[in-house]
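Participant: Coordinates for the following, if possible.
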Amino acid sequence: MKMRNILARITLNDKDHVGLKLKQIWKQPDKVSAEKYDELFISEFEERFPKAIEILENGLEDSLQYYHFPCFDARKISSTNILKRLNVEIRRRSRVVSVFPSIDSYVRLVTCYLIEYSEDWSSGRCYINQSLIEEQKNLLTNAA
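Facilitator: Have a look, this model is predicted:
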């Protein structure tokens with residue numbers, strides 16, 4: 001679920017107001033308060049924007065999964081920006097070639113870039129620190 005999919009079902013005059021209230025769901029300090037705020041949001045807008053509320057209800061649980069990982073910065077794990085950037089970079093590199101002789105050559109180009117990208121992130125430019133990942137694994141193991 002993306003916020004823009006919800007806002008696409010909102011009238012132009014109400015987008016700013018509804019968008020600000022909608023953002024507050026994900027700015028709550030914990031999952032329980034986010035769900036409570038969601039209920040308030042739904043009760044306020046379900047009569048006026050039923051299709052938008054349906055989209056919100058269908059995707060809310062998935063979009064709140066980052067609350068299960070308190071060790072991580074929520075902005076980093078709730079965003080898909082890193083994937084978007086990766087896809088843009090793959091497209092940029094493949095456009096330089098423009099016509100590939102075979103699918104295998106395209107796969108080799110993408111694979112080489114992904115290996116290079118992985119090495120960069122594992123060595124220096126870590127998006128999420130490896131020690132935080134280990135800490136989260138330990139928390140999940142101990143909770144089970």
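Participant: Would you mind measuring from Ile25 to Asn5?
Facilitator: In this view, Ile25 and Asn5 are 14 Å apart by C-beta to C-beta, to the nearest Å. No exception for glycine: its C-beta is placed from N, CA and C like everyone else's.
Participant: Who has more neighbours out of these two?
Facilitator: Shown here are Ile25 and Asn5; by other C-beta atoms under 10 Å, Ile25 has more neighbours (22 against 14).
Participant: leaving aside the residues next to it on the chain, what's closest to Arg48?
Facilitator: Closest residue to Arg48 apart from its sequence neighbours, by C-beta to C-beta, 6 or more residues apart in numbering: Asp14 at 7.7 Å.
Participant: Mind checking what secondary structure that neighbour has?
Facilitator: helix (DSSP: H, G, I helix; E, B strand; the rest coil).
Participant: Return the distance of it relative to Pro29.
Facilitator: In terms of C-beta to C-beta, Asp14 sits 27 Å off from Pro29.
Participant: The two: which has the busier surroundings?
Facilitator: Neighbours per residue (other C-beta under 10 Å) separate Asp14 from Pro29, with Asp14 holding more: 14 against 9.
Participant: Model confidence for the more buried one, exactly?
Facilitator: pLDDT, Asp14: 94.
Participant: what does Val96 give?
Facilitator: Residue-level pLDDT assigned to Val96 equals 89.
Participant: One more: Asn129?
Facilitator: Confidence score, pLDDT, at Asn129: 67.
Participant: cool, Ala34 as well?
Facilitator: The per-residue pLDDT reported for Ala34 equals 92.
Participant: just to revisit the earlier point, ok, the residue nearest to Arg48 to Asn142 distance?
Facilitator: For Asp14, the distance to Asn142 (C-beta to C-beta) stands at 46 Å.
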